[in-house]
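[1] Provided below are the primary sequence and the corresponding predicted coordinates.
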Amino acid sequence: MLVPSIFEDHFLDDFFDFPDHRHFPGPGDRPAPMMQTDIEEKDDSYLLTMNIPGYSKDDVKAELNDGNLTITATKNSSNDEKDDKGRYIRRERYFGSCTRSFYVGDNIHQDEIKAKFEDGTLKLTIPKKDRAKEVEENHYIAIEG
């Protein structure tokens, strides 16, 4: 039996059957299943596997900027239903976006990263590169005298 929780601030959740998301995520809460990522180290590369269910290849963008690899998934859809006279009987719109960023290093170039999207899973192969060894410079202090 559905009894609205009229004495609490979430009584409309019972009426509309919303999921139980009545609080902000805390330290003990599990993250949402969107963009769950596994990173596997290979001999000469890293394999990044990211779950992006419900999105198509055209919805996903990967960008490399200043050593940061950013993956963005954006979805925009509408579901319009009209009766035989052209009047709306239902009209729903949805927009969703999620982003993850990873620092991969300044010496990785965009054309060296290989990406494949299949069945809601994005796989990126990122080559391992040794950091360019910086030449150690002596910094002398001028002594007057």
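    Yep, that arrived. Numbers count the residues shown, from 1 in each chain.

[2] Residue ranges in this structure under the pLDDT threshold?
    Filtered on pLDDT under 70, the chain yields the residue ranges 1-33, 131-139, 141, 145.

[3] let's see 50
    1-26, 29-31 (pLDDT under 50).

[4] Let me see the ranges of the strands in this protein.
    Using DSSP state E, the strands of the chain run over residues 37-41, 45-51, 60-65, 68-82, 88-103, 114-118, 121-127.

[5] Serialize these to TSV and add fields for distance to A142 and mean neighbour count.
    All C-beta spots, glycine's among them, are computed from the backbone N, C-alpha and C. Shown next, in TSV, are the strands of the chain (distance: least, C-beta to C-beta, whole Å; neighbours: other C-beta atoms under 10 Å):
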stretch	distance to A142	mean neighbour count
strand 37-41	47	11
strand 45-51	46	17
strand 60-65	39	14
strand 68-82	39	13
strand 88-103	37	11
strand 114-118	51	13
strand 121-127	44	17
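
[6] residues in contact with the nearest residue to K82 once chain neighbours are set aside?
    Once flanking residues are discounted, K82 sits nearest to Y88: 5.7 Å by C-beta to C-beta, 6 or more residues apart in numbering. If you count contacts by C-beta atoms under 8 Å, 6 or more residues apart in numbering, Y88 has them with 80-82.
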